[in-house]
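K.L.:
Got a sequence here, can you model it:
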Amino acid sequence: MRRNKNAKIIATLGPASDDRATIQALFEAGADVFRLNFSHGVHEDHRRRLELIRQVEQHSGRPIGVLLDLQGPKLRIGTFADGPVMLKEGASFRLDLNAATPGNGARVSLPHPEIFAALEAGTNLLLDDGKIRLRVTDFGPDFADTVVVAGGALSNRKGVNVPDVVLPLSAMTDKDRADLDYGLKLGVDWVALSFVQRPEDIVEVKAIVAGRAGIVAKLEKPAAITHLEAIVAETDAVMVARGDLGVEMPAEQVPSIQRQIVRACRRAGKPVIVATQMLESMIGSPVPTRAEASDVATAIYEGVDAVMLSAESASGRFPLEAVRMMSSIISHTESDPSYRDGIDASRTEPLAVAADAIGHALREVTRLLQAAATVAYTSSGYSAIRTSRERPRAPIIGMTPRLATARRLALVWGVHAVLCHDVADVPEMSELACRTTLREGFGKVGETIVISAGMPFGTSGTTNLLRIAQIH
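P.N.:
Numbers count the residues shown, from 1 in each chain. Have a look, this model is predicted:
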């Protein structure tokens, strides 16, 4: 099944997309990767959904990626004795560790000593997705006195965001560790890590994953933007998680930060995903707003690897329509002549390493010879990802003898992953590349393809070979 788009679609599964027929329809409509959101549901739900994805994969003969999204730390206030309270601007309000006593209009518990340990005078605390803003005036190891900057109704267990400081918290909770262990045993392809604040958070999860899946750093906190280059260098891919990012930072800054993250990933050659509220109105409507369609198109013009649907496909009324619409927007945007102009203009200079030299040369040879396809023969996926970094004009066929690699490449811009056997030498590789290009419908007899690979074959990260071949 050949897609008519380069950017990929991640569709979240949930109650609205819980059966084989729907998952099959979502895949056929354009979904390349399915997200299992471990913030909701139980392990059995996710196991069953993953089994259905693998059934669809076997039926279609195309590798499908599965993304496990970890919940991460959830910071919440306690409960109130008499229901919601109204906080008025200018009023005083205390947060403390006294979880045994229900809250009132003057105080409520905040059972997170890590927050109090990180506070400074003037720190802002955001409650209920930023609807309520408090400013710290005094604090200790077990309390914080605040003044209400933006008030409103506050009810039980609302979330707390602390945008101004780095919290002394691991990005992984005990629940996340159990979920990660379970997901790795199931065989997920990507793991999305929430609450990333610093590169050390990525190091921690990489040690546990140990190469069994790719790591996606979800950037949703200001501290992560401060350490952006180091985080991008450490992780395998990045997600622009605009939900919490839009809570912790002024809304008007989110578009420029999205652009900053995308550019950093494009420079590094790391896959980048834009997520949250992309087609939000399609949760209840069969068509998006014009602004939403423009939002998706903007991400595609920037050259992102993937865009993601959350509630639209997981719990909305029109999951299939949402995937079809997103696929249509991507295809239409990529067919705009100005799209290629923007992609070429935003391309960054390659690094002085063999893989980037091969990728740069492949891009130029493909353009000069008007090649029908580029073929990246890869064991780990490295050759295909470095080829994708160059955003060549011809489709990228990622040929790999490893099913896990083929599934992981389902996330990467422009890559059509194909499972193949191990090759022994360059002539066999060239012959297999020509046959595969012909069989998959990317080229015709007599057309040229450009092949990249690493030698010796089967060794990860050794892209050092460029070959031109003619389909016969």
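
K.L.:
low-confidence ranges in the stretch 151-300 of the chain?
P.N.:
The stretch 151-300 of the chain contains no residues with pLDDT under 70.

K.L.:
Helices of that one, start to end?
P.N.:
174-186, 199-209, 222-226, 228-234, 242-248, 254-268, 290-301 (DSSP state H, counting those that start in this stretch).

K.L.:
Need the ones you listed in CSV (columns: distance to residue 321).
P.N.:
C-beta here means a position set from N, CA and C on the backbone, and glycine is covered the same way. Listed next are those as CSV, based on distance: least, CB to CB, whole Å:
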stretch, distance to residue 321
helix 174-186, 29
helix 199-209, 35
helix 222-226, 33
helix 228-234, 34
helix 242-248, 22
helix 254-268, 25
helix 290-301, 13
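
K.L.:
Mind checking those helices for the one nearest to residue 469?
P.N.:
helix 254-268 (28.7 Å; CB to CB).

K.L.:
rewinding a little: tabulate the helices of the stretch 151-300 of the chain in a markdown table, adding columns for distance to residue 456 and mean neighbour count.
P.N.:
Shown next, in a markdown table, are the helices of the stretch 151-300 of the chain (distance: least, CB to CB, whole Å; neighbours: other CB atoms under 10 Å):
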| stretch | distance to residue 456 | mean neighbour count |
| --- | --- | --- |
| helix 174-186 | 29 | 16 |
| helix 199-209 | 26 | 17 |
| helix 222-226 | 38 | 19 |
| helix 228-234 | 27 | 18 |
| helix 242-248 | 43 | 20 |
| helix 254-268 | 26 | 18 |
| helix 290-301 | 38 | 18 |
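
K.L.:
so what's the residue nearest to residue 356 when sequence neighbours are not counted up against?
P.N.:
Distance criterion CB to CB, 6 or more residues apart in numbering; nearest residue to residue 356, sequence neighbours excluded, is residue 350 at 3.4 Å. Taking CB atoms under 8 Å, 6 or more residues apart in numbering, we find residue 350 in contact with 356, 357, 359, 360, 390.

K.L.:
in the stretch 1-150 of the chain, which spans are strands?
P.N.:
Secondary structure of the stretch 1-150 of the chain by DSSP state E, counting those that start in this stretch: the strands cover 8-12, 33-37, 65-69, 85-87, 92-96, 107-109, 124-127, 132-140, 143-150.

K.L.:
Over to the stretch 351-472 of the chain?
P.N.:
373-377, 396-400, 415-419, 448-454, 463-470.

K.L.:
Packed most tightly, which of those strands would that be?
P.N.:
Sort those by mean neighbour count, taking mean count of other CB atoms under 10 Å, and strand 373-377 sits at the top with a mean of 30.

K.L.:
picking that back up, do you know which of the strands of the stretch 1-150 of the chain lies nearest residue 448?
P.N.:
Among these, strand 8-12 comes nearest to residue 448, with 26.2 Å by CB to CB.

K.L.:
I'd like the average pLDDT over the closest one.
P.N.:
On average, the pLDDT along strand 8-12 is 98.

K.L.:
Can you name every helix or strand that it contacts?
P.N.:
strand 33-37, strand 306-309, helix 311-314, helix 319-334 (3 or more CB pairs under 8 Å, 6 or more residues apart in numbering; DSSP states H and E).

K.L.:
and if we set it to 6 Å?
P.N.:
Applying 3 or more CB pairs under 6 Å, 6 or more residues apart in numbering; DSSP states H and E, one finds that strand 8-12 contacts strand 33-37, strand 306-309, helix 311-314.

K.L.:
about what we covered before: next one: the residue nearest to residue 356 relative to residue 266, how far apart?
P.N.:
12 Å (CB to CB, to the nearest Å).

K.L.:
Same check on residue 140?
P.N.:
For residue 140 relative to residue 266 (CB to CB), the value is 45 Å.

K.L.:
Residue 408 now?
P.N.:
In terms of CB to CB, residue 408 sits 19 Å off from residue 266.

K.L.:
re earlier: compare the strands of the stretch 351-472 of the chain and report which one is nearest to residue 426.
P.N.:
Checked against CB to CB, the stretch from those lying closest is strand 463-470, at 6.7 Å.

K.L.:
okay if I get the strands of the stretch 1-150 of the chain as a markdown table plus distance to residue 21 and mean neighbour count?
P.N.:
Formatted as a markdown table, the strands of the stretch 1-150 of the chain follow (distance: least, CB to CB, whole Å; neighbours: other CB under 10 Å):
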| stretch | distance to residue 21 | mean neighbour count |
| --- | --- | --- |
| strand 8-12 | 15 | 27 |
| strand 33-37 | 14 | 24 |
| strand 65-69 | 18 | 26 |
| strand 85-87 | 47 | 17 |
| strand 92-96 | 49 | 20 |
| strand 107-109 | 46 | 22 |
| strand 124-127 | 42 | 22 |
| strand 132-140 | 43 | 17 |
| strand 143-150 | 46 | 17 |
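
K.L.:
So which of these is nearest residue 297?
P.N.:
Closest among the strands of the stretch 1-150 of the chain, using CB to CB: strand 8-12, at 13.8 Å.

K.L.:
Alpha carbons of the closest one, in CSV - could you do that?
P.N.:
C-alpha atoms of strand 8-12 as CSV (Å, rounded to 0.1, in the frame of the first residue of the first chain):
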residue,chain,number,x,y,z
LYS,A,8,2.9,10.6,8.7
ILE,A,9,-0.3,10.4,10.8
ILE,A,10,-0.4,9.1,14.4
ALA,A,11,-3.9,8.1,15.5
THR,A,12,-4.7,7.6,19.1
